[in-house]
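Participant: return a 3D structure for these sequence lines:
(one chain, ligands or ions: 1)
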Amino acid sequence: MKKLFIVAIGVMGIVLTVGANRKKSDNVIKEVPFTQVHLSDGFWLPRMEINRTVSIPSAFRECEKNGRFDNFALAATRLGNAHYDVKEHQGDFSFDDTDPYKIIEGASYSLAVHYDQQLDHYLDSVINIIALAQEPDGYLTTCVTNKCYRLSGWWGCSKWEKINSHELYNSGHLIESAVAHYRATGKRNFLNVAIKNADLVCRTFGPGEKQIHRPGGHPIIEMALCKLYKVTGDKTYLEGAKYFVDETGRCSDGHAPSMYSQDHMPILQQQEIVGHAVRAGYLYSGVADVAALTGDTAYFHALERIWQNMSSKKLFITGGIGSRAQGEGFGPNYELNSHTAYCETCAAIANVYWNYRMFLATGEAKYMDVVERTLYNNVLSGVSLSGDKFFYDNPLESDGEHERQRWFGCACCPGNVTRFIASVPGYMYAFSERGKGNSPTVYVNLYVQGKAKIGNVELEQVTDYPWDGKIQIKVVKGSGKFAMKLRLPGWLKGSPIGNDLYTYLDKANNYSISVNGRQMYPDNHDYITIDRKWKKGDIVELNLPMDVRRIVANDNAEDLRGRVALERGPIVYCLEAGDQSCRSIFNMFLPFDKQREFKTNYRPELLSGVVVIETKAKMVRNDGNVVDVDMKAIPYAVWNNCGRQQMEVWIASTPVAIRQTPAITLASQAQTFSNRGPIQNDAPETAPTDSWAGGVNDQWEPRRSSDTSKPYHYWWLKRGTQESISYRWEQPKTIDNVQVYWLDFDHYDGNFRVPQSWRLYYETEDGQWREVEEHEPYTVRKDCYNSVSFKQVNTKALKIVARLQRGESGGVLEWKVNAPRQ
Ligand SMILES: [Zn+2]
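Facilitator: Alright, predicted model coming up:
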């Protein structure tokens, strides 16, 4: 048989010839790098162009504005390697160095497919400053070199002192970025910096007597060292990566176990996905790399177990992970609250990394189903159509309080989006030299128009996917016997991921497939396998039915009961209030009719071109009457590109699940603030400046004290301190009663409990805070409003001062304010 696959890894021309000896590695599935896939479609290519021309330059500008490069310049100056006029270390986080790393990585990917001399030179100048900031032993974390004690809480007083310092996270992103730059340009200037740093990391951490015994803290070093091993062939890096994986959960150096960073037990014992969602995704991606490179099946079984838990109990329909703002992470099983969903953009990217690696290890389509779902929905929601605004969290419902931002103090997401979008074509194809049927196998995992070089075969896809299901795949170069595997997407089946978390209500129509015009009737479930002798000019035509499908969630997901979501192809839809004839959405419902008619229409002028879904729905008016209304849905990924407004993915399907538009109340007219610093004394006069707070006057009625499905106010990481929340009005209000619904739920970083005690203060005309008089007892009952009447006051502001229970935190779900009854 002719040797079919000669695969260039990256664009560096490091050529691996596979297939000479039939070893275990013959059936390993390998990625087809994005540099060998050239898109010409109307969906991804424009987005990649915006990423290249808008997102990357604007992210670099933000780095310049926010002192990210100055921090390297300051370190270079302190080390005596250069003389820059920079006085102070800037930024609030020990991991701010990773922002430039991520954007250099994205810029490198973009250089690899679209050379730009100016960008190339810019990268060199930035890399030069980074290299000068490296200490002689290879160490590189600028806030430590700059001895920025303002950030001591992160890193302490010396190198490698704290597990959560993010020094290894900085190293990981440095390595990932440098490998990308080396592959894109062939230059070693950045790679040498990364190698020097990686050598230090591998010398410092490990099982040896004189080494530090500690896992990565915030993972990525595991993935990064595997990448460095692949590019250098130096086994030290693979051993280093394996060490960090093995060390996770052992707590050998005596540090406390932590669910937050998946360091609560060894990975081989883990069953459930917990903790910080980005850390989880990066850690398990690293474990998958190590398992694949070392042939370790035990790790792989653990990953499969954790994946089952994630995909069947904790995966949002948009492909997002991480339900909680607290700890930016996972909650209990089936906590899939739409409004308060965290679904960080970085976590979605991490989910793609992890699932793609799971696919490479097994060849199973279910992982690619998660990749596709996450890509088209949660990842894309993370960036505006204009390319210069980003979401950090991507909720599935909004009251209009969410809006994309140009940058964040903690700017992980913008940089991550820029590096990720540039690499998307790399997820489309894969191959193995000897698949199950013994033939070399080409996997076609994603359908996007463009050409791909896979060994000496070149394929061309012609399609308008994801708007149209017709896909034509042509062999434009090369011939020989191999199996082409076309993924049958999960969205064509009975449930999106093949489990009972989500189920389609409507049956899917059949797909069809033909080769050179001859119809095929394959019985494959996940992949359609066409194993034949191919020749130039052969054409496969796949026709996937693009019907609108309604989805319901597992009944255990309380927030999704009585609700339905709409999907068409891989695209999850949402409603925005501005698109509806009635200008509202929460009082609309879409009855479970057996036969429901949906009209779909491609609108090229709308939101950079989208298919819109229209149907007839019902609306409950505030007088209780139900009327017919038109309903229009747009892809979730493009929400909030027409300003702040109400949005929902999960639409009520019964009148019980709707929310009537609430009336204006005293509370709803108030602005909300909470204390920024600690309150030392009982009297709130001593409280330092307050900052804006929200969630307590949005008039979503709590179901119980642990109901975190709608916005609420919580005091984060507090332990028995005094905290406050206040209302402020423009004009004085006459008030004689308040009702407070206290928060109370468990969290691994610290529980939220009803307070030990509390008091209510009002602001007098001369700006003093005074406790209300003749008040009823301040009660702290759970699962109900705590009503307190008092002698009426006329005031512009009210303040609750709560003494939290010893060692516990707390918060307020809802706070009503009442005027005397007439
Ligand atoms: Zn992020």
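
Participant: give me the buried positions along the helix or strand where K618 lies.
Facilitator: Assessed by DSSP states H and E, K618 sits inside strand 610-620. Of all the residues in strand 610-620, those buried under the rule 16 or more other CB atoms under 10 Å are V610, V611, V612, I613, E614, T615, A617, K618, M619, V620. Every C-beta, even on glycine, is put in place using the N, C-alpha and C of the backbone.

Participant: gap between the closest residue to the fifth one other than its chain neighbours and G624?
Facilitator: Translated: E614. Spatially, and ignoring its direct neighbours in sequence, E614 is nearest to K599 (4.5 Å; CB to CB, 6 or more residues apart in numbering). Using CB to CB, to the nearest Å, we find K599 at a distance of 29 Å from G624.

Participant: one more: G387?
Facilitator: Distance of G387 to G624, computed by CB to CB: 45 Å.

Participant: related to what we said a few turns ago, and the buried residues of strand 610-620, which is closest to W407?
Facilitator: The closest of these to W407 turns out to be V610 (CB to CB; 26.8 Å).

Participant: so that closest one touches Y636, yeah?
Facilitator: No. The pair V610 and Y636 does not pass the contact test of CB atoms under 8 Å, sitting 10.7 Å apart.

Participant: ok so G281 is a strand residue?
Facilitator: No. Secondary structure assignment (DSSP: H, G, I helix; E, B strand; the rest coil) places G281 in helix, not in a strand.

Participant: what number of residues lie near it?
Facilitator: 27 (other CB atoms under 10 Å).

Participant: for the residue nearest to it when sequence neighbours are not counted, give its distance to the ion.
Facilitator: Leaving aside its chain neighbours, G281 sits nearest to A350 (2.4 Å; criterion: CB to CB, 6+ apart). Distance, A350 to the ion, using CB to the ion, to the nearest Å: 9 Å.

Participant: for the helix or strand that contains A350, which helices and strands make contact with it?
Facilitator: Per DSSP H and E, A350 falls inside helix 345-362. Helix 345-362 sits against strand 29-31, helix 277-294, helix 297-309, helix 365-373, helix 412-421, with contacts defined as 3 or more CB pairs under 8 Å, 6 or more residues apart in numbering; DSSP states H and E.

Participant: hmm, try it at 10 Å
Facilitator: strand 29-31, helix 221-232, helix 277-294, helix 297-309, helix 365-373, helix 380-381, helix 412-421, strand 429-432 (3 or more CB pairs under 10 Å, 6 or more residues apart in numbering; DSSP states H and E).

Participant: can you put the ones you listed in TSV and add distance to S709?
Facilitator: Output for the helices and strands packed on helix 345-362, formatted as TSV (distance: least, CB to CB, whole Å):
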stretch	distance to S709
strand 29-31	39
helix 221-232	34
helix 277-294	18
helix 297-309	21
helix 365-373	22
helix 380-381	20
helix 412-421	24
strand 429-432	39
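
Participant: ok, which of those comes nearest R47?
Facilitator: Comparison of the helices and strands packed on helix 345-362 against R47 by CB to CB identifies helix 412-421 as nearest, at 6.2 Å.

Participant: quick one, the closest one and helix 277-294 angle?
Facilitator: Angle, helix 412-421 to helix 277-294, by axes from the mean of the first three to the mean of the last three CA atoms, to 10 degrees: 40 degrees.

Participant: give the contact list for the residue of the stretch 101-250 of the chain found nearest the ion.
Facilitator: Minimum separation of the stretch 101-250 of the chain from the ion (CB to the ion) falls at K102, amounting to 10.0 Å. Contacts for K102 (CB atoms under 10 Å, 6 or more residues apart in numbering) come out as 59, 63, 173, 176-177, 180, 346, 411-420.

Participant: circling back to that earlier point, which of G387 and G624 has more neighbours?
Facilitator: More neighbours surround G387 than the other of G387 and G624, with 23 against 8 (other CB under 10 Å).

Participant: for Q671, see how far away the closest residue to the ion within the stretch 701-822 of the chain is.
Facilitator: Nearest residue of the stretch 701-822 of the chain to the ion: W716, at 17.4 Å (CB to the ion). As defined by CB to CB, W716 lies at a distance of 21 Å from Q671.

Participant: and if you look at C63?
Facilitator: 34 Å.

Participant: the more surrounded of the two?
Facilitator: Higher neighbour count among C63 and Q671: C63, with 24 against 14, using other CB under 10 Å.

Participant: correct me, but that one touches W407?
Facilitator: Yes. With contacts counted by CB atoms under 10 Å, C63 reaches W407, the gap being 9.1 Å.

Participant: shared neighbours of these two, anything?
Facilitator: Joint contacts of C63 and W407 (CB under 10 Å, 6+ apart) are D99, P414, G415.

Participant: show me what contacts the residue nearest to I473 when sequence neighbours are not counted?
Facilitator: Spatial nearest neighbour of I473, excluding adjacent residues (CB to CB, 6+ apart): V540 at 4.4 Å. Listed by CB under 10 Å, 6+ apart, the contact set of V540 reads 444, 459, 461, 471-475, 484, 486, 513-516, 520, 528, 530, 534.

Participant: tell me how many other residues surround R806.
Facilitator: R806, neighbours per other CB under 10 Å, totals 9.

Participant: need phi/psi at it.
Facilitator: phi -50, psi 120 (degrees, to the nearest 10).

Participant: residues contacting it?
Facilitator: R719, G720, R753, Q756.

Participant: same list (these) but as a markdown table, adding pLDDT and secondary structure.
Facilitator: Output for the contacts of R806, formatted as a markdown table (pLDDT from 0 to 100; DSSP: H, G, I helix; E, B strand; the rest coil):
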| residue | pLDDT | secondary structure |
| --- | --- | --- |
| R719 | 91 | coil |
| G720 | 92 | coil |
| R753 | 97 | coil |
| Q756 | 97 | coil |
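
Participant: now name the helix or strand holding H89.
Facilitator: Here H89 is assigned to no helix or strand, by DSSP H and E.

Participant: how about it, what does it touch?
Facilitator: Contacts of H89 by CB under 10 Å, 6+ apart are 67, 70-71, 74-75, 78, 96, 142-151.

Participant: grab the nearest non-local neighbour of R568.
Facilitator: V548 (5.0 Å).

Participant: isn't the one you found right next to E567, touching?
Facilitator: Yes. Under the criterion of CB under 10 Å, V548 makes contact with E567 at 7.3 Å.

Participant: tell me the span between the first and last residue of stretch 313-330.
Facilitator: This stretch, stretch 313-330, spans 11 Å end to end (CA to CA, to the nearest Å).

Participant: can you confirm whether that stretch lies near the ion?
Facilitator: No. Judged by CB under 5 Å from the ion, stretch 313-330 stays clear of the ion, getting no closer than 8.2 Å.

Participant: how about the residues of the stretch 401-550 of the chain by the ion?
Facilitator: C412, C413.
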